[in-house]
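# output the structure for:
(2 chains)
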Amino acid sequence: ETGVTQTPRHLVMGMTNKKSLKCEQHLGHNAMYWYKQSAKKPLELMFVYSLEERVENNSVPSRFSPECPNSSHLFLHLHTLQPEDSALYLCASSQGGRNEQFFGPGTRLTVL
Amino acid sequence: AQSVTQPDIHITVSEGASLELRCNYSYGATPYLFWYVQSPGQGLQLLLKYFSGDTLVQGIKGFEAEFKRSQSSFNLRKPSVHWSDAAEYFCAVGAHGFQKLVFGTGTRLLVSP
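Down below sits the predicted model:
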């Protein structure tokens, strides 16, 4: 595997389910990000992890819970989501402070 | 705070014609600037970046962009568009020494035969 991978690529869940999104980066980077991409809206930065420590949480509802067990892996745990949470969730990684971020293919989430 | 404006939501260009996508940013110092491309159902791919130095930067797939400080712009250009260039293009600005990127709302490029 190369670059940034995300699994699953597609996920359909009910509002009472619990699921997790997984992201893995194979680039040796030390920062990882979760973004939400909804139709007709700019990319929304959700969480930033730098050296496995969360450095940003953009007022994301608590039904989204990130986890970064090491510098290569990032998870987004989901529970009791709402239909408006349906979106493409993108993971990215970068090295240091030069902001050049590399993105995964995303997980298309549908909440019924 | 940084912000990015992409004034064109959609642009249609004939195959073989030239392309220019507009991007204006707001930031108090010299920014880091990026253009990304997104094909349907895919993640974002970095086309090119500006950190410092030469204001005309070359990227992948024949794209280039010019940083104009006086106009706070970073427009993306390509001399001859191919049908495979149809996608959504995002401009982004980042602050030095900080990892946050701010993205524009994107421009969808349609290529007509």
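
# center of chain A - which residue?
Centroid check for chain A by CA atoms, centre = their mean gives residue A:34 as the closest residue, at 3.2 Å.

# specify the beta-bridge partners of that one.
residue A:47, residue A:91 (DSSP bridges).

# which residues touch it?
Residues near residue A:34 by CB atoms under 8 Å, 6 or more residues apart in numbering or on different chains: A:23, A:45-47, A:66, A:74, A:76, A:89-91. C-beta coordinates here come from the backbone N, C-alpha and C atoms, glycine included.

# got a pLDDT number for the residue nearest in space to the middle of chain B?
Centroid check for chain B by CA atoms, centre = their mean gives residue B:35 as the closest residue, at 3.5 Å. Model confidence at residue B:35, given as pLDDT, is 97.

# ok, what's across the strand from it?
Here residue B:35 sits in beta bridges with residue B:48, residue B:91, going by DSSP bridges.

# right, and it touches residue B:87 too?
No - applying CB atoms under 8 Å as the test, residue B:35 and residue B:87 come out as separate, 11.4 Å apart.

# for residue B:69, grab phi and psi.
Main-chain torsions, residue B:69, degrees, to the nearest 10: phi -60, psi -40.

# quick one: strands adjacent to the helix or strand of chain A with the lowest mean pLDDT?
When each helix and strand of chain A is scored by mean pLDDT, DSSP states H and E, strand A:53-57 comes last, with a mean of 73. Using DSSP bridges, the strands paired with strand A:53-57 in its sheet are strand A:44-50 (antiparallel).

# residues touching the strand it pairs with, excluding its own?
Strand A:44-50 has contacts (CB under 8 Å, 6+ apart) with A:30-38, A:54-58, A:60, A:64, A:66, A:68, A:74, A:76, B:99-101.

# chain center to the helix or strand containing residue A:21: distance?
Remark: residue A:21 resides in strand A:18-25, with elements defined by DSSP states H and E. The chain centroid and the centroid of strand A:18-25 are separated by 7 Å under CA atoms, centre = their mean, to the nearest Å.

# near chain B, anything from it?
No - figure legend: strand A:18-25 not in contact with chain B (CB under 8 Å from any CB of the partner chain); closest approach 10.7 Å.

# show me what that strand is packed against.
strand A:4-7, strand A:10-13, strand A:31-37, strand A:73-79, strand A:87-94 (3 or more CB pairs under 8 Å, 6 or more residues apart in numbering or on different chains; DSSP states H and E).

# can you put the ones you listed in CSV and add mean pLDDT and distance to residue A:102?
Below are the helices and strands packed on strand A:18-25 laid out as CSV (pLDDT from 0 to 100; distance: least, CB to CB, whole Å):
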stretch, mean pLDDT, distance to residue A:102
strand A:4-7, 96, 5
strand A:10-13, 95, 21
strand A:31-37, 93, 10
strand A:73-79, 96, 13
strand A:87-94, 94, 6
